[in-house]
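Novice: Here is a sequence together with a model predicted from it:
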Amino acid sequence: MDVLPLVALIAVSAAIAGAARRTPVPAPLLLVAVGLGVSYLPGVPDYTLDPHIVLPLLLPPLLHTAALDSSYLDLRANIRPVALLSVGYVLFATVAVGYLAYLVVPDLPLTAALVLGAVVAPPDAVAATAIARRLGLPGRITTILQGESLVNDATAITAYKVALAAAVGEGIGWAGGIAEFAVAALGGVVVGLVLMVPIHWLRRRLRDPLLKNTVSLLIPFVAYAVAERVHASGVLAVVVVALYLGHRSWQVDFATRLQEDAVWKVVAFVLESSVFALIGLQLAYVVRGLGEYGIGEAAWYAAAVFLAVVVARFVWVFPVTYLIRLVSPTLRGRRSQLPWTSPVVIGWAGMRGVVSLAIAFSIPVATDGEPFPARNLVLFLTFTTVIGTLVVQGLTLPPLIRVLKLPGRDAQAETLAEAQAQSEASTASRQRLDELLADERNTLPEPLAQRLRAVLERRRNAVWERLGAVNEITGESADDTYRRLAREVIDAEREVFVRLRDERRIDDEMMRTLLRRLDLEEAAAYREAGTET
């Protein structure tokens with residue numbers, strides 16, 4: 001097995017994603033664009049998406065990381081719009097886009113058109129999270145988009161299975177389809193609820209860091225595999241477990257949190273970069289498979305489907321946003337929480353991604369000796385819809401937000417809330433420290449006791465200092481200066497340890513031990529300010 005193409009894909013994708021951080025173009029869009037260009041270069045291997053790899057091996061960790069970073073409380077507070085988008089919209093888009101494709105494409109059976117509709121219905125979790133994070137959207141819009149993208153894949157996959165069964169002559173009817181969807185959704189939630197408590201218990205009991213990180217990496221795959229084995233939704237199982245673990249993360253030790261955070265950041269960066277590059281690399285394969293359809297004819301169909309996808313989202317989002325108040329006694333008396341600009345952004349932020357392509361590639365070439373009708377065209381239309389939404393909507397979303405003057409996060413208010421929370425926590429910790437030091441069993445020399453009190457006071461003041469005036473000469477706040485000086489003096493110690501090692505006065509093992517202590521001190525200096533290095 002030649003692993004060089006895989007290594008090249010990961011290395012080049014990571015390099016492009018890293019370079020994108022220095023440009024105004026979001027990394028997903030740059031990766032897709034480079035993938036499109038590279039797909040026709042001579043000597044580039046065939047990176048055809050394998051649904052047996054993408055769905056069980058790439059989707060679970062991507063969903064897991066997105067759900068860990070989401071807020072269970074915020075999602076619960078916005079459960080109505082999230083459900084209406086992740087379930088209602090996906091089903092509506094499946095029917096609306098599918099029926100339009102049936103009208104536009106000659107000789108395309110309605111069942112095959114509904115398969116296409118289900119494939120292109122779900123916006124992508126990775127794209128939505130990446131774009132929202134880059135743009136700094138208001139908190140509630142980000143929560144709604146993240147919540148939608150976490151659940152909608154389960155709806156789309158189930159709708160696809162029902163439409164595919166109908167397309168190959170194994171139709172189960174509307175009642176059967178609804179029952180299958182209910183069983184898959186309920187089963188996925190139940191599997192997640194069953195797994196989340198023992199998994200969390202195991203994470204809290206393990207002491208070996210290597211075992212902890214191994215378990216952490218296995219969690220999304222285990223949840224997905226168990227749910228799929230009982231014909232439930234693996235997507236929902238992964239999301240339920242991850243939301244619970246993220247909500248209870250404070251119950252594990254600090255070392256576990258630090259290690260897992262670093263590990264999952266690397267995993268997410270590698271997978272996200274590779275996934276978007278893979279999307280662009282499908283161009284040559286998809287175009288070659290068009291067969292009897294000419295590229296010009298297929299392009300017209302692609303434009304029609306793309307427009308249908310974009311329009312269908314607005315047709316759903318605006319009426320649901322405002323008409324739901326007419327049928328909800330709870331909301332009827334409330335003042336609107338979302339200005340009209342918010343549904344515009346939510347409607348336009350409907351980028352499709354790798355899940356749609358993976359589902360499309362899983363369409364069987366033939367069943368019972370009969371070829372699936374227009375399979376190659378469905379692949380092409382899915383690909384063009386994914387590319388169209390990523391490029392058109394992804395590139396125009398930032399200027400749209402600027403034109404609409406949508407307010408971003410209030411950094412000053414967030415810092416003030418953080419400072420108030422830290423002040424209350426510091427008061428409690430100071431009281432607890434006084435209680436402990438009053439006990440004869442905890443007697444400390446006064447310099448060490450004062451050092452403990454100074455650490456608490458430093459932590460209390462660090463956030464408030466970010467609200468204060470800056471240094472007139474350097475432009476730094478007192479907090480910035482403190483962290484810079486802490487790094488400078490730690491660097492001085494680090495250089496001494498390295499020099500002593502080079503002079504053979506200490507060995508490498510001792511040097512690594514001493515450097516690790518300095519690393520932890522440096523991390524503590526930065527975490528006191530709530531920043532990351």
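Specialist: Sure, I can see it.
Novice: Now Leu108. Its backbone dihedrals?
Specialist: phi -90, psi 120 (degrees, to the nearest 10).
Novice: So it sits against Tyr102, correct?
Specialist: Yes - counting by C-beta atoms under 8 Å, Leu108 does reach Tyr102; the two are 5.8 Å apart. (Glycine included, C-beta is placed from N, CA and C.)
Novice: Those two: which is more packed in?
Specialist: Between Leu108 and Tyr102, counted using other C-beta atoms under 10 Å, Leu108 has the larger neighbour count: 20 against 17.
Novice: Tell me the spacing between the more buried one and Phe383.
Specialist: From Leu108 over to Phe383 the distance is 17 Å, taken as C-beta to C-beta, to the nearest Å.
Novice: repeat for Leu518
Specialist: For Leu518, the distance to Phe383 - C-beta to C-beta - is 51 Å.
Novice: Next: Leu103.
Specialist: Computed with C-beta to C-beta, the distance linking Leu103 and Phe383 is 21 Å.
Novice: How about Ile144?
Specialist: Distance from Ile144 to Phe383, by C-beta to C-beta: 27 Å.
Novice: same question, Arg402
Specialist: According to C-beta to C-beta, Arg402 stands 30 Å off from Phe383.
Novice: who has more neighbours, the two?
Specialist: Counted by other C-beta under 10 Å, Arg402 and Phe383 do not tie: Phe383 has more neighbours, with 26 against 10.
Novice: I would like the residues contacting the helix or strand encompassing that one, please.
Specialist: Taking DSSP states H and E as the definition, Phe383 sits inside helix 375-388. Under the criterion C-beta atoms under 8 Å, 6 or more residues apart in numbering, residues 32, 36, 101, 105, 108, 112, 115-116, 119-120, 279-280, 282-283, 286-287, 289-291, 293, 298-299, 301-302, 305-306, 309, 352-354, 356-357, 360-361, 363-365 lie in contact with helix 375-388.
Novice: Skip ahead from it and say which helix or strand is next.
Specialist: helix 394-404.
Novice: for the helix or strand that comes right after that next one, the distance to its chain's centre please.
Specialist: Next along the chain after helix 394-404, taking DSSP H and E as the criterion, comes helix 411-438. Taking the mean of its C-alpha atoms, helix 411-438 sits 32 Å from the chain's own mean (C-alpha atoms, centre = their mean, to the nearest Å).
Novice: okay, now Pro24: neighbour count?
Specialist: Residues lying near Pro24 (other C-beta under 10 Å) number 7.
Novice: Backbone dihedrals for it, both of them.
Specialist: Here Pro24 shows phi and psi, under degrees, to the nearest 10, equal to phi -80, psi -10.
Novice: middle-most residue in the chain, spatially?
Specialist: Ranked by distance to the mean C-alpha position of the chain (C-alpha atoms, centre = their mean), the top residue is Ala66 at 3.3 Å.
Novice: so that one touches Gly147, yeah?
Specialist: No - judged on C-beta under 8 Å, Ala66 makes no contact with Gly147 at a distance of 10.0 Å.
Novice: Most distant residue from the centre of this protein?
Specialist: No residue in the chain sits farther from the centre than Glu440, which is 50.6 Å out by C-alpha atoms, centre = their mean.
Novice: Who are the packing partners of the helix or strand hosting Leu193?
Specialist: Here Leu193 is covered by helix 173-205, with elements defined by DSSP H and E. With contacts defined as 3 or more C-beta pairs under 8 Å, 6 or more residues apart in numbering; DSSP states H and E, helix 173-205 has these neighbours: helix 139-167, helix 209-229, helix 234-247.
Novice: Can I get those in a markdown table including mean neighbour count and mean pLDDT?
Specialist: Formatted as a markdown table, the helices and strands packed on helix 173-205 follow (neighbours: other C-beta atoms under 10 Å; pLDDT from 0 to 100):
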| stretch | mean neighbour count | mean pLDDT |
| --- | --- | --- |
| helix 139-167 | 24 | 86 |
| helix 209-229 | 18 | 92 |
| helix 234-247 | 26 | 93 |
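Novice: so can I have TSV of those helices showing distance to Glu488?
Specialist: Listed next are the helices and strands packed on helix 173-205 as TSV, based on distance: least, C-beta to C-beta, whole Å:
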stretch	distance to Glu488
helix 139-167	36
helix 209-229	30
helix 234-247	36
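Novice: and of those, who's closest to Ala374?
Specialist: Nearest of the helices and strands packed on helix 173-205 to Ala374, taken as C-beta to C-beta: helix 139-167 at 10.1 Å.
Novice: could you pull out the strands for the stretch 251-400 of the chain?
Specialist: Secondary structure of the stretch 251-400 of the chain (DSSP state E, counting those that start in this stretch): strands located at 366-367, 370-371.
Novice: and those strands, which one is worst for confidence?
Specialist: With a mean of 64, strand 366-367 has the lowest mean pLDDT of these.
Novice: isn't Phe269 right next to Ile16, touching?
Specialist: No - counting by C-beta under 8 Å, Phe269 sits too far from Ile16 to count as a contact (11.8 Å).
Novice: in the chain, which helix or strand is least confident?
Specialist: Ranked by mean pLDDT, DSSP states H and E, the weakest helix or strand in the chain is helix 329-332, scoring a mean of 56.
Novice: Return the set of buried residues in the helix holding Leu193.
Specialist: 177, 180-181, 184-185, 187-192, 194-196, 199-200, 203 (16 or more other C-beta atoms under 10 Å).
Novice: Averaged pLDDT, it. What do you get?
Specialist: Rounded mean pLDDT across helix 173-205 is 87.
Novice: And it, how far out from the chain middle?
Specialist: How far helix 173-205 lies from its chain's middle: 20 Å, per C-alpha atoms, centre = their mean.
Novice: do stretch 492-499 as well
Specialist: Worked out by C-alpha atoms, centre = their mean, stretch 492-499 lies 40 Å from the chain centre.
Novice: same deal with stretch 32-41?
Specialist: Counting by C-alpha atoms, centre = their mean, stretch 32-41 comes out at 24 Å from the chain centroid.
Novice: residues of it that come out buried?
Specialist: By neighbour count on 16+ other C-beta under 10 Å, the buried set for stretch 32-41 is 32-36, 38-39.
Novice: ok, now how distant is Leu437 from Ile506?
Specialist: Counting by C-beta to C-beta, the separation of Leu437 from Ile506 is 35 Å.
Novice: no, scratch that, I was asking about Ala17
Specialist: Applying C-beta to C-beta to Ala17 and Ile506 gives a distance of 39 Å.
Novice: Cheers, nothing more for now.
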